[in-house]
Every structure is written in C-alpha cells, then in structure tokens.
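[1] need coordinates for the below:
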Amino acid sequence: LAEKDIQSNFDINGKLPRYKNDIEAPCYGCTAKISKVKTDTNQSVPIIRTVFESKPAQITELKDSLSDLQKQFLESRNVMAQKKMVFEMNEIIKQIQTLE
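    This next block holds a predicted model:
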C-alpha cells in the first residue's frame with residue numbers, strides 16, 4: 001500500500017470511493033481499459049443454469065468417463081493419442097481423489 005499509484009485510489013480516510021454506476025467506477029489494478037458493451041434488442045444472451053451435483057454423482061460421472069477413456073486407450077493404436085489419453089486419465093484421477 002506504500003506505492004503512490006495504489007494510494008491514489010483511496011480517499012483521505014483510506015476508503016475506496018463509491019460509484020452509483022459500475023461503469024463509472026475505475027478498475028483497480030487493470031492494465032487495459034474496460035469497454036462498454038452496447039446491447040442490441042435483437043441480441044440474446046444465453047443463460048446457463050448451473051446445477052450443483054452431489055459429490056457421489058460427480059465421482060460416478062468421473063469414473064464412467066475414466067472407464068470410457070481406458071477402453072479408448074486399449075483400442076487405439078496411435079501413440080500420440082494414447083499419450084493424450086493418459087494425461088486425461090491422470091487428470092480425472094486427480095479430480096476423483098479431491099472429491100473423495
């Protein structure tokens with residue numbers, strides 16, 4: 001906090017200023033300018049609903065995908081594809097271990 005550029009963000013009382021509109025607020029620590037997006041009434045924004053699954057369901061899905069990858073690995077004769085599959089299998093195993 002001793003750097004002058006960081007101190008310039010705060011007021012006399014050491015607080016960040018409040019803005020009614022987020023677009024007017026500065027981006028602290030940003031190196032690039034934030035552009036304002038103008039939406040067109042003809043545009044649609046996709047909304048994706050996030051559903052949190054229980055850990056057992058996630059583990060089951062990961063184990064299923066791991067077994068599919070293992071089958072593909074055994075059927076494949078391409079060494080490069082097999083190396084990629086080994087990497088993917090290791091990542092899935094790490095995810096399973098963190099969930100258990």
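[2] pLDDT at the residue located most distally from the centre of the chain, what is it?
    Distance to the chain centre peaks in the chain at Ile12, reaching 36.4 Å (criterion: CA atoms, centre = their mean). pLDDT recorded at Ile12 is 78.
[3] again, but for Glu24
    Per the predicted model, pLDDT is 70 at Glu24.
[4] could you do Asn90 as well?
    Asn90 is given a pLDDT of 93.
[5] packing partners of whatever helix or strand it lives in?
    Per DSSP states H and E: Asn90 is located in helix 79-99. The contact analysis (3 or more CB pairs under 8 Å, 6 or more residues apart in numbering; DSSP states H and E) places helix 79-99 against helix 55-75. (C-beta placed from N, C-alpha, C; glycine too.)
[6] what packs against the helix it packs on?
    Helix 55-75 packs on helix 79-99, going by 3+ CB pairs under 8 Å, 6+ apart.
[7] and the helix it packs on, how far out from the chain middle?
    19 Å (CA atoms, centre = their mean, to the nearest Å).
[8] how big is the angle separating it from helix 55-75?
    With axes from the mean of the first three to the mean of the last three CA atoms, to 10 degrees defining the directions, helix 79-99 sits at 160 degrees from helix 55-75.
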